[in-house]
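1. Build the 3D model from these lines:
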Amino acid sequence: MAKIFQVSARAGMTRVVEPIARALLRAGVTPNAVTVAGTVGVLVGALGFGARGHLVAGAIIVTVFALTDLLDGTMARMSGGSTRFGAFLDSSMDRVADSAVFGAVAYWLATQNDHSGVAAALLCLAAGGLVSYVKARAEGLGMTANVGVAERTERLLIVGVGGILTGLHVDPALEISLWLLAAVSIFTVGQRVAHVYRQARQLQPDGQR
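-> Now for the predicted structure:
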């Protein structure tokens, strides 16, 4: 169901961003420039606002600039497809942005003496990186790992909702969202490892199974 929702949402957003993508391409803006600009925007939202306790503003800014993931991809498709460097840059900038988001959350929670929340944020940071690493490593070995309930979009959505609710004085919301996210991220790692294991078994000669 989560996958169906994500595909439907992305299809709807694509219809919105395509005119923007065309306009940017006509203006000479490259997909890589949009990727970098989106990451800078996320850094501003996370470190400039979220880490200082402005959770609602930070969450909104991060969400808006995180949507450049869809915009730069649409621009790359319209201009003939993503380059190898473009794909590399996009993945690298995603890791920078994710680290900033969860690092900022952990820092702010530390200033509030919320040790449980800090632990959850750090666990989310580690598990989120592992989710991405497992997929990248599988693809490097000629397999796929496009499965799981907590891909990047879902992870940012969960922490964003928790941040907004906490900013609106629903105090336990952020910590609850972080522990939920940590659990689903770890579960997603397990899903991807199992998926790769099944592929590896199929690719091995019968005598090596």
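
2. I'd say Val44 and Ile61 touch.
-> Yes. Assessed by CB atoms under 8 Å, Val44 is found in contact with Ile61 at 6.4 Å. Just so you know, the C-beta spots here come from the backbone N, C-alpha and C atoms, and that holds for glycine as well.

3. If you count surrounding residues, which of the two has more?
-> Higher neighbour count among Val44 and Ile61: Ile61, with 20 against 16, using other CB atoms under 10 Å.

4. Quickly find the element holding the more buried one.
-> Element membership for Ile61 (DSSP states H and E) is helix 55-66.

5. Now do that helix: which elements does it pack against?
-> Applying 3 or more CB pairs under 8 Å, 6 or more residues apart in numbering; DSSP states H and E, one finds that helix 55-66 contacts helix 31-43, helix 84-111, helix 152-167.

6. Quickly, which of the ones you listed bottoms out on average pLDDT?
-> Sorting these by mean pLDDT places helix 152-167 lowest, at a mean of 88.

7. Quick check: closest non-adjacent residue to the residue positioned nearest the centre of the chain.
-> What sits nearest the mean C-alpha location of the chain, by CA atoms, centre = their mean, is Arg152, with 2.7 Å. Setting aside the residues directly before and after it, Arg152 is nearest to Asp94 in space (CB to CB, 6 or more residues apart in numbering), at 6.4 Å.

8. quick one on the thing from earlier: mind listing what the residue nearest to the centre of the chain touches?
-> Asp69, Asp94, Asp98, Gly128, Ser132 (CB atoms under 8 Å, 6 or more residues apart in numbering).

9. Report the two members of those residues separated by the largest distance.
-> Maximum pairwise distance among the contacts of Arg152 (CB to CB): 14.7 Å, between Asp69 and Gly128.

10. For Met143, which non-adjacent residue is spatially closest?
-> Counting by CB to CB, 6+ apart, the residue nearest Met143 is Gln199, at 4.5 Å.

11. Would you mark the buried spots in whichever strand or helix holds the one you found?
-> Per DSSP H and E, Gln199 falls inside helix 173-203. Going by neighbour count (16 or more other CB atoms under 10 Å), the buried part of helix 173-203 is 173-182, 184-186, 188-189, 191-192, 195-196, 199.
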